[in-house]
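Novice: next input, structure requested:
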Amino acid sequence: MAIDAATALLELGVHICAGAGPGTWRLRHEGVLDLEVSPALPVARIDTRAVRLAAARHRGRLPLLHIGDSATPAVVARAERGELDLLICNPPRLIHGDVTLEAGPATPTPPPAARPGRPAWGRWAVMRYLVLADTPARQVSIAGSLGLTQQAVSIGLRSLGDVVATSREGAVVSDRAALLDLWLQEYPGPGGHEIGWYCLEDAVTQARTAYAVAHDSRAAPMASGDVAADLLAPWQLPRTARLYIDRPVDLAHHGFVPSPLEEASLILCEPRDPTLWRLAEHRRGLLLADPLVVLWDQIQRLGSEDAADRLQEAILRPRSARRRS
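Specialist: A predicted model of the protein is given here:
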């Protein structure tokens, strides 16, 4: 279930922009609030355990903003006593100290599907690397490219069973199409915070404008979605834009207005997957997410099936042919 923190803040009249540090938010509501926070990873329902886990992961001195679709009465009571900062998205409610902002009634949401354990980012990154490599790959090369230890790479390779064989030349994939299908079945997506924006310009112009603003803000922008798919395997005019960034970027003074995710023409995402930038490549002035990530976005974001099929075909072509395309 997507938790749209940006839309909740917009409904509360709170302006969100990048804070002074990486991954921090500055929240402003004229005459009421001016606060810099470190946003916690959003959860479906904030309970005492979620608060404890988020606090254990928290680094830095800024207040931690707990974000969820809902929260237990005990957590709400703690926020009202000033013990923690809380953003509930359904209905929108922000509690900070003695300031409480509220808007609208709740809408029913189904219980989230449980996903036990820690995400296997390393394993999924190894799978992406092998699908794109299409030639024997040594563990030291895989580890260096992905920022993983050789032990983590070795564990990832062993977990793939018969799909990958290891020889003196390196790891060899017996069926790249099968490995790609397996990755698409397993990968839960990059996760993290998403913020929607709307602009009247075409998708490519939006992506390049937002990319330039994010680059100037040192937010490490990386393009995905329709725009990246069009650069990797042209098929149709891009309809929407998507950028990955490592900190919030304010586009309000660049022709954009904040928008709910389902109506946004451009989405900025601060992903949870730490390997996302590792296989990116530059094309036509933009850093693009690797083709597998772009494909996942196309499939999950209801992009064109024909465009997704064309991109999948391009991924499975030999690397030399991909470079000529």
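
Novice: residues near the closest residue to Pro291 other than its chain neighbours, how many?
Specialist: Excluding the flanking residues, the one nearest Pro291 by CB to CB, 6 or more residues apart in numbering is Ile315, at 4.8 Å. For every residue, glycine as well, the C-beta is placed using N, CA and C. By the criterion of other CB atoms under 10 Å, Ile315 has 22 neighbours.

Novice: pLDDT score assigned to Ile315?
Specialist: With respect to pLDDT, Ile315 scores 93.

Novice: element containing it?
Specialist: helix 305-316 (DSSP states H and E).

Novice: and the nearest residue to Thr275 once chain neighbours are set aside, what element?
Specialist: Distance criterion CB to CB, 6+ apart; nearest residue to Thr275, sequence neighbours excluded, is Ala125 at 3.8 Å. Taking DSSP H and E as the definition, Ala125 sits inside helix 121-133.

Novice: same for that helix, what does it pack against?
Specialist: Helices and strands touching helix 121-133, by 3 or more CB pairs under 8 Å, 6 or more residues apart in numbering; DSSP states H and E, are helix 139-146, helix 150-158, strand 170-173, helix 176-186, helix 291-300, helix 305-316.

Novice: how about the CA coordinates for it, as CSV?
Specialist: Extracted C-alpha coordinates of helix 121-133, given in CSV (Å, rounded to 0.1, in the frame of the first residue of the first chain):
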residue,chain,number,x,y,z
TRP,A,121,18.7,-5.6,-1.6
GLY,A,122,22.0,-7.3,-2.2
ARG,A,123,20.6,-10.5,-3.8
TRP,A,124,18.3,-8.4,-6.0
ALA,A,125,21.2,-6.2,-7.1
VAL,A,126,23.3,-9.3,-8.0
MET,A,127,20.4,-10.5,-10.1
ARG,A,128,20.2,-7.2,-11.9
TYR,A,129,23.9,-7.2,-12.5
LEU,A,130,23.9,-10.7,-14.0
VAL,A,131,20.9,-10.1,-16.3
LEU,A,132,22.7,-7.0,-17.7
ALA,A,133,26.2,-8.6,-17.9
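
Novice: so that it lines up with my notes, have the first residue be 454 from now on.
Specialist: Got it, first residue is 454 now, which makes that one helix 574-586.

Novice: returning to that earlier point: helices or strands up against the helix holding Ile768?
Specialist: helix 574-586, helix 629-639, helix 678-685, helix 744-753.

Novice: what's the most buried one of these?
Specialist: Of all the helices and strands packed on helix 758-769, helix 678-685 carries the top mean neighbour count, a mean of 24, counting by mean count of other CB atoms under 10 Å.

Novice: show residues contacting the helix or strand that that helix is followed by.
Specialist: With elements assigned by DSSP H and E, the helix or strand that comes after helix 678-685 is strand 694-697. Here strand 694-697 makes contact (CB atoms under 8 Å, 6 or more residues apart in numbering) with 643, 656-657, 659-660, 663-664, 667, 674-681, 718-724, 729-730, 742, 750, 754.

Novice: in this structure the residue nearest to Pro744 contacts Leu583, no?
Specialist: No: taking CB atoms under 8 Å as the definition, Ile768 is not a contact partner of Leu583, at 11.8 Å.

Novice: and the pLDDT at Leu462?
Specialist: With respect to pLDDT, Leu462 scores 88.

Novice: can you tell me the closest non-neighbouring residue to it?
Specialist: Leaving aside its sequence neighbours, Leu462 sits nearest to Ile469 (CB to CB, 6+ apart; 5.3 Å).

Novice: residues in contact with the host helix or strand of the one you found?
Specialist: Per DSSP H and E: Ile469 is located in strand 468-471. Contacts with strand 468-471, where a contact means CB under 8 Å, 6+ apart, come from 459, 462, 477-482, 648, 670, 672, 700-703, 705, 711.

Novice: in the helix or strand that it is followed by, what's buried?
Specialist: Proceeding N to C from strand 468-471, the next assigned helix or strand is strand 478-482, under DSSP H and E. Going by neighbour count (16 or more other CB atoms under 10 Å), the buried part of strand 478-482 is Trp478, Arg479, Leu480, His482.

Novice: now do stretch 651-658
Specialist: Across stretch 651-658, burial judged by 16+ other CB under 10 Å covers Tyr651, Cys652, Ala656, Val657.

Novice: just the CA trace of that stretch, in PDB.
Specialist: Only the C-alpha atoms of stretch 651-658 are listed here, as PDB (Å, rounded to 0.1, in the frame of the first residue of the first chain):
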ATOM      1  CA  TYR A 651       2.000  18.400 -11.700                       C
ATOM      2  CA  CYS A 652       3.100  20.500 -14.600                       C
ATOM      3  CA  LEU A 653       1.600  21.400 -18.000                       C
ATOM      4  CA  GLU A 654       4.900  20.800 -19.900                       C
ATOM      5  CA  ASP A 655       5.500  17.600 -21.800                       C
ATOM      6  CA  ALA A 656       7.000  14.700 -19.800                       C
ATOM      7  CA  VAL A 657      10.500  15.000 -21.200                       C
ATOM      8  CA  THR A 658      10.700  18.800 -20.400                       C
END
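
Novice: kind regards, and thank you for your time.
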